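S.K.: Sharing a model that was predicted from the sequence below.
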Amino acid sequence: MYMRDKIMDILVKLSSFWFFYRWHPEVAIRYLPIVDEIKRLNNDSIILEVGSGGLGIAPYIKRKIIGVDVGFKPPFYPLLKSVKASATKLPFGDNSFDGVVSVDMLEHLKKKDREKAIFEMVRIARKKILIGVPAGKEAFDQDKELDEYYFKRYEKRFVFLEEQLNFGLPEKEEINDIIKRAGITYQRKLNIKIIGNENLTLRRFLMKGWMTKNILLDLFFRKAMLLTVPFIRYMNQEPTYRQIYIIDIL
(Lines give C-alpha, C1' and ligand atoms only; values in the text may rest on other atoms or scores of the structure.)
Protein backbone atom coordinates (compact mmCIF):
# COMPACT_ATOMS: atom_id res chain seq x y z
CA MET A 1 0.00 0.00 0.00
CA TYR A 2 2.81 2.41 0.93
CA MET A 3 4.73 1.77 -2.32
CA ARG A 4 1.58 2.15 -4.42
CA ASP A 5 0.80 5.49 -2.73
CA LYS A 6 4.35 6.70 -3.36
CA ILE A 7 4.17 5.75 -7.05
CA MET A 8 0.81 7.48 -7.42
CA ASP A 9 2.20 10.57 -5.73
CA ILE A 10 5.14 10.69 -8.18
CA LEU A 11 2.85 10.19 -11.19
CA VAL A 12 0.61 13.05 -10.06
CA LYS A 13 3.65 15.31 -9.72
CA LEU A 14 4.92 14.30 -13.17
CA SER A 15 1.54 14.95 -14.81
CA SER A 16 1.42 18.45 -13.38
CA PHE A 17 4.86 19.56 -14.62
CA TRP A 18 3.52 20.98 -17.87
CA PHE A 19 1.72 23.66 -15.90
CA PHE A 20 4.85 24.83 -14.11
CA TYR A 21 6.35 28.13 -15.20
CA ARG A 22 9.89 29.40 -14.48
CA TRP A 23 11.13 26.11 -13.04
CA HIS A 24 14.74 24.96 -13.22
CA PRO A 25 15.73 21.42 -12.08
CA GLU A 26 18.64 22.31 -9.82
CA VAL A 27 16.78 25.24 -8.28
CA ALA A 28 13.69 23.09 -7.75
CA ILE A 29 15.75 20.68 -5.63
CA ARG A 30 16.72 23.60 -3.39
CA TYR A 31 13.20 24.88 -2.92
CA LEU A 32 10.83 21.90 -2.86
CA PRO A 33 11.73 20.74 0.68
CA ILE A 34 11.08 24.33 1.79
CA VAL A 35 7.75 24.32 -0.06
CA ASP A 36 6.74 21.16 1.82
CA GLU A 37 7.38 22.93 5.12
CA ILE A 38 5.51 26.10 4.15
CA LYS A 39 2.48 24.03 3.22
CA ARG A 40 2.27 22.98 6.87
CA LEU A 41 1.23 26.56 7.62
CA ASN A 42 -2.24 27.91 6.91
CA ASN A 43 -3.05 28.74 3.28
CA ASP A 44 -3.48 32.41 4.18
CA SER A 45 -0.12 32.64 5.96
CA ILE A 46 2.10 35.59 5.02
CA ILE A 47 5.49 34.49 3.65
CA LEU A 48 8.65 36.53 3.15
CA GLU A 49 11.71 35.38 1.23
CA VAL A 50 14.98 37.09 2.02
CA GLY A 51 17.26 37.20 -1.04
CA SER A 52 14.59 36.15 -3.52
CA GLY A 53 15.79 37.88 -6.67
CA GLY A 54 13.06 38.13 -9.30
CA LEU A 55 11.85 34.54 -8.94
CA GLY A 56 12.75 32.86 -5.68
CA ILE A 57 10.36 30.34 -4.21
CA ALA A 58 7.23 31.79 -5.84
CA PRO A 59 7.25 29.58 -9.01
CA TYR A 60 7.48 26.46 -6.86
CA ILE A 61 4.76 27.30 -4.38
CA LYS A 62 2.38 29.10 -6.77
CA ARG A 63 1.20 31.72 -4.30
CA LYS A 64 1.83 35.34 -3.44
CA ILE A 65 5.18 35.90 -1.76
CA ILE A 66 6.94 39.03 -0.58
CA GLY A 67 10.57 39.03 -1.70
CA VAL A 68 13.39 41.15 -0.32
CA ASP A 69 16.66 41.75 -2.13
CA VAL A 70 19.21 44.52 -2.69
CA GLY A 71 18.28 44.51 -6.39
CA PHE A 72 15.93 42.76 -8.79
CA LYS A 73 16.81 41.66 -12.31
CA PRO A 74 14.65 39.75 -14.81
CA PRO A 75 13.19 37.22 -15.14
CA PHE A 76 10.35 38.13 -12.78
CA TYR A 77 7.51 36.06 -11.43
CA PRO A 78 4.07 37.73 -11.23
CA LEU A 79 3.21 36.41 -7.75
CA LEU A 80 6.38 37.86 -6.20
CA LYS A 81 6.01 41.32 -4.65
CA SER A 82 9.49 42.84 -4.50
CA VAL A 83 10.82 45.01 -1.69
CA LYS A 84 14.29 46.50 -2.09
CA ALA A 85 16.21 46.23 1.18
CA SER A 86 19.22 44.63 2.86
CA ALA A 87 18.98 41.29 4.64
CA THR A 88 20.87 42.84 7.55
CA LYS A 89 18.22 45.53 8.12
CA LEU A 90 14.79 44.30 7.12
CA PRO A 91 12.15 47.07 6.96
CA PHE A 92 9.49 45.13 8.87
CA GLY A 93 8.27 45.01 12.44
CA ASP A 94 8.73 42.17 14.92
CA ASN A 95 6.59 39.06 14.25
CA SER A 96 5.48 40.40 10.85
CA PHE A 97 5.47 37.13 8.88
CA ASP A 98 4.12 33.65 9.52
CA GLY A 99 7.02 32.19 7.56
CA VAL A 100 10.44 33.55 6.61
CA VAL A 101 12.51 31.83 3.92
CA SER A 102 16.13 32.23 2.84
CA VAL A 103 17.76 29.90 0.30
CA ASP A 104 21.38 30.17 -0.89
CA MET A 105 21.66 33.78 0.27
CA LEU A 106 23.79 33.76 3.42
CA GLU A 107 26.92 32.56 1.62
CA HIS A 108 26.88 35.81 -0.38
CA LEU A 109 27.27 37.88 2.78
CA LYS A 110 30.35 38.59 4.85
CA LYS A 111 30.54 36.50 8.02
CA LYS A 112 29.50 39.35 10.34
CA ASP A 113 26.55 40.18 8.08
CA ARG A 114 25.34 36.55 8.07
CA GLU A 115 24.77 36.83 11.79
CA LYS A 116 22.87 40.10 11.38
CA ALA A 117 20.68 38.58 8.66
CA ILE A 118 19.78 35.53 10.77
CA PHE A 119 18.98 37.73 13.77
CA GLU A 120 16.69 39.81 11.55
CA MET A 121 14.89 36.71 10.27
CA VAL A 122 14.28 35.50 13.81
CA ARG A 123 13.05 38.95 14.81
CA ILE A 124 10.40 39.28 12.09
CA ALA A 125 9.18 35.65 12.01
CA ARG A 126 6.05 34.55 13.84
CA LYS A 127 5.81 30.78 13.28
CA LYS A 128 8.50 29.28 11.05
CA ILE A 129 11.91 30.10 9.56
CA LEU A 130 13.46 28.07 6.76
CA ILE A 131 17.12 28.64 5.89
CA GLY A 132 18.98 26.78 3.15
CA VAL A 133 22.72 27.40 2.89
CA PRO A 134 25.73 25.53 1.46
CA ALA A 135 28.03 24.55 4.29
CA GLY A 136 31.29 22.77 4.98
CA LYS A 137 34.61 22.03 3.28
CA GLU A 138 33.26 19.52 0.76
CA ALA A 139 30.71 22.04 -0.52
CA PHE A 140 33.42 24.72 -0.70
CA ASP A 141 35.77 22.40 -2.62
CA GLN A 142 33.05 21.65 -5.15
CA ASP A 143 32.41 25.37 -5.64
CA LYS A 144 36.13 25.82 -6.39
CA GLU A 145 35.99 22.95 -8.89
CA LEU A 146 32.93 24.38 -10.65
CA ASP A 147 34.40 27.87 -10.66
CA GLU A 148 37.44 26.59 -12.57
CA TYR A 149 35.23 24.53 -14.87
CA TYR A 150 33.19 27.63 -15.74
CA PHE A 151 36.31 29.77 -16.25
CA LYS A 152 37.88 27.30 -18.69
CA ARG A 153 34.76 27.41 -20.86
CA TYR A 154 33.88 31.10 -20.73
CA GLU A 155 37.19 32.75 -19.74
CA LYS A 156 35.44 34.68 -17.00
CA ARG A 157 34.22 33.99 -13.49
CA PHE A 158 30.61 33.23 -12.63
CA VAL A 159 29.75 36.06 -10.27
CA PHE A 160 27.84 34.04 -7.68
CA LEU A 161 30.48 31.31 -7.36
CA GLU A 162 33.23 33.90 -7.20
CA GLU A 163 31.43 35.83 -4.47
CA GLN A 164 30.80 32.88 -2.18
CA LEU A 165 34.33 31.58 -2.65
CA ASN A 166 35.68 34.96 -1.59
CA PHE A 167 33.48 35.07 1.51
CA GLY A 168 33.84 31.36 2.31
CA LEU A 169 31.04 28.97 3.22
CA PRO A 170 29.82 28.66 6.81
CA GLU A 171 30.04 25.49 8.85
CA LYS A 172 26.88 23.60 9.80
CA GLU A 173 27.24 24.23 13.54
CA GLU A 174 28.16 27.89 12.96
CA ILE A 175 24.70 28.64 11.54
CA ASN A 176 23.02 26.53 14.21
CA ASP A 177 24.81 28.50 16.94
CA ILE A 178 23.75 31.86 15.47
CA ILE A 179 20.11 30.74 15.30
CA LYS A 180 20.18 29.69 18.95
CA ARG A 181 21.72 33.01 20.03
CA ALA A 182 19.13 34.93 18.02
CA GLY A 183 16.39 32.99 19.80
CA ILE A 184 17.84 33.95 23.18
CA THR A 185 18.17 37.60 22.16
CA TYR A 186 14.54 37.85 21.05
CA GLN A 187 13.25 35.54 23.77
CA ARG A 188 11.95 32.97 21.31
CA LYS A 189 11.72 29.29 22.07
CA LEU A 190 13.01 27.62 18.90
CA ASN A 191 12.88 24.02 17.73
CA ILE A 192 15.65 23.50 15.16
CA LYS A 193 15.81 20.58 12.74
CA ILE A 194 18.64 20.27 10.20
CA ILE A 195 18.45 18.19 7.02
CA GLY A 196 20.93 17.69 4.17
CA ASN A 197 19.91 18.87 0.71
CA GLU A 198 21.30 17.93 -2.73
CA ASN A 199 23.90 15.21 -2.93
CA LEU A 200 27.25 16.62 -4.12
CA THR A 201 27.58 14.18 -7.04
CA LEU A 202 24.09 15.07 -8.25
CA ARG A 203 24.81 18.78 -7.96
CA ARG A 204 28.06 18.46 -9.92
CA PHE A 205 26.15 16.71 -12.72
CA LEU A 206 23.39 19.34 -12.80
CA MET A 207 25.70 22.34 -12.55
CA LYS A 208 28.06 21.16 -15.29
CA GLY A 209 25.03 20.52 -17.46
CA TRP A 210 23.83 24.05 -16.81
CA MET A 211 27.27 25.39 -17.84
CA THR A 212 27.19 23.69 -21.25
CA LYS A 213 27.59 25.60 -24.53
CA ASN A 214 25.63 22.96 -26.43
CA ILE A 215 22.07 24.15 -27.16
CA LEU A 216 20.55 20.67 -27.12
CA LEU A 217 22.25 19.76 -23.87
CA ASP A 218 21.13 23.09 -22.44
CA LEU A 219 17.51 22.27 -23.29
CA PHE A 220 17.92 18.83 -21.75
CA PHE A 221 19.29 20.15 -18.45
CA ARG A 222 16.90 23.10 -18.19
CA LYS A 223 13.66 21.51 -19.45
CA ALA A 224 13.73 17.74 -19.98
CA MET A 225 15.34 17.17 -16.58
CA LEU A 226 12.26 18.72 -14.97
CA LEU A 227 10.54 15.37 -15.50
CA THR A 228 13.06 13.72 -13.18
CA VAL A 229 12.67 16.20 -10.32
CA PRO A 230 10.09 14.10 -8.38
CA PHE A 231 12.73 11.35 -8.24
CA ILE A 232 16.05 13.18 -7.83
CA ARG A 233 14.78 15.57 -5.16
CA TYR A 234 15.04 12.66 -2.74
CA MET A 235 18.73 12.09 -3.54
CA ASN A 236 19.96 13.68 -0.33
CA GLN A 237 22.54 11.11 0.67
CA GLU A 238 25.62 12.49 2.39
CA PRO A 239 27.70 14.31 1.51
CA THR A 240 25.23 17.05 0.61
CA TYR A 241 25.98 20.51 -0.69
CA ARG A 242 23.38 22.35 1.35
CA GLN A 243 21.94 22.27 4.86
CA ILE A 244 18.31 23.23 5.46
CA TYR A 245 17.46 24.60 8.89
CA ILE A 246 13.81 24.11 9.75
CA ILE A 247 13.04 26.39 12.68
CA ASP A 248 9.68 26.30 14.43
CA ILE A 249 8.86 29.10 16.84
CA LEU A 250 7.09 27.51 19.80
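M.R.: Received it, and whenever you're ready, just let me know what you need.
S.K.: Going by C-alpha atoms from here, please, whenever you check contacts or count neighbours.
M.R.: OK.
S.K.: ranges for the helices of the protein?
M.R.: 2-15, 25-38, 58-61, 111-124, 137-154, 159-167, 172-185, 200-210, 215-222, 229-232 (DSSP state H).
S.K.: what angle do the longest one and helix 200-210 make?
M.R.: Here the directions of helix 137-154 and helix 200-210 differ by 20 degrees (axes from the mean of the first three to the mean of the last three Cα atoms, to 10 degrees).
S.K.: Check what contacts helix 137-154 and list those residues.
M.R.: When contacts are defined by Cα atoms under 8 Å, 6 or more residues apart in numbering, helix 137-154 is touched by residues 156-158, 161-162, 165, 168-169, 171, 200, 204, 207-208, 211, 239-242.
S.K.: and those residues, which are buried?
M.R.: 157, 161, 165, 168, 169, 200, 204, 211, 240, 241, 242 (16 or more other Cα atoms under 10 Å).
S.K.: so what's the second one up against?
M.R.: Think residue 161. Here residue 161 is in contact with 143, 144, 147 (Cα under 8 Å, 6+ apart).
S.K.: Am I right that residue 229 is in contact with residue 25?
M.R.: Yes: at 6.3 Å, residue 229 and residue 25 qualify as touching, with contact defined as Cα atoms under 8 Å.
S.K.: How about the residue nearest the centre of the chain, nearest residue that isn't a chain neighbour?
M.R.: Centrality entry for the chain: nearest residue to the mean C-alpha point is residue 103, 2.8 Å, by Cα atoms, centre = their mean. Closest residue in space to residue 103, ignoring its immediate chain neighbours: residue 132 at 4.4 Å, by Cα to Cα, 6 or more residues apart in numbering.
S.K.: just checking, the one you found touches residue 243?
M.R.: Yes: using Cα under 8 Å, residue 132 makes contact with residue 243 at a distance of 5.7 Å.
S.K.: do you know how far the closest residue in space to residue 180 that isn't next to it in sequence is from residue 231?
M.R.: Nearest non-adjacent residue to residue 180, counting by Cα to Cα, 6+ apart: residue 190, 7.5 Å away. Going from residue 190 to residue 231 by Cα to Cα, to the nearest Å gives 32 Å.
S.K.: quick one, which of the two is more surrounded?
M.R.: residue 190 (20 against 11; other Cα atoms under 10 Å).
S.K.: so that one bridges to which residues?
M.R.: Beta-bridge pairing of residue 190 under DSSP bridges involves residue 249.
S.K.: ok, now which ones touch it?
M.R.: Applying Cα under 8 Å, 6+ apart, the residues near residue 190 are 180, 183, 247, 248, 249, 250.
S.K.: I only care about those residues that end up buried; give me the PyMOL line for that.
M.R.: To isolate in PyMOL the members of the contacts of residue 190 that are buried, counting by 16+ other Cα under 10 Å, one can use:
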select buried, resi 180+183+247+248+249
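S.K.: coming back round to it: export the helices of the chain to CSV and append columns for distance to residue 74 and mean pLDDT.
M.R.: Formatted as CSV, these follow (distance: least, Cα to Cα, whole Å; pLDDT from 0 to 100):
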stretch, distance to residue 74, mean pLDDT
helix 2-15, 27, 50
helix 25-38, 16, 96
helix 58-61, 14, 93
helix 111-124, 24, 97
helix 137-154, 22, 97
helix 159-167, 16, 95
helix 172-185, 30, 97
helix 200-210, 18, 96
helix 215-222, 17, 90
helix 229-232, 24, 90
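S.K.: what would the ones you listed look like in TSV with distance to residue 70?
M.R.: As requested, the helices of the chain are arranged in TSV below (distance: least, Cα to Cα, whole Å):
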stretch	distance to residue 70
helix 2-15	34
helix 25-38	20
helix 58-61	18
helix 111-124	13
helix 137-154	23
helix 159-167	14
helix 172-185	22
helix 200-210	25
helix 215-222	27
helix 229-232	30
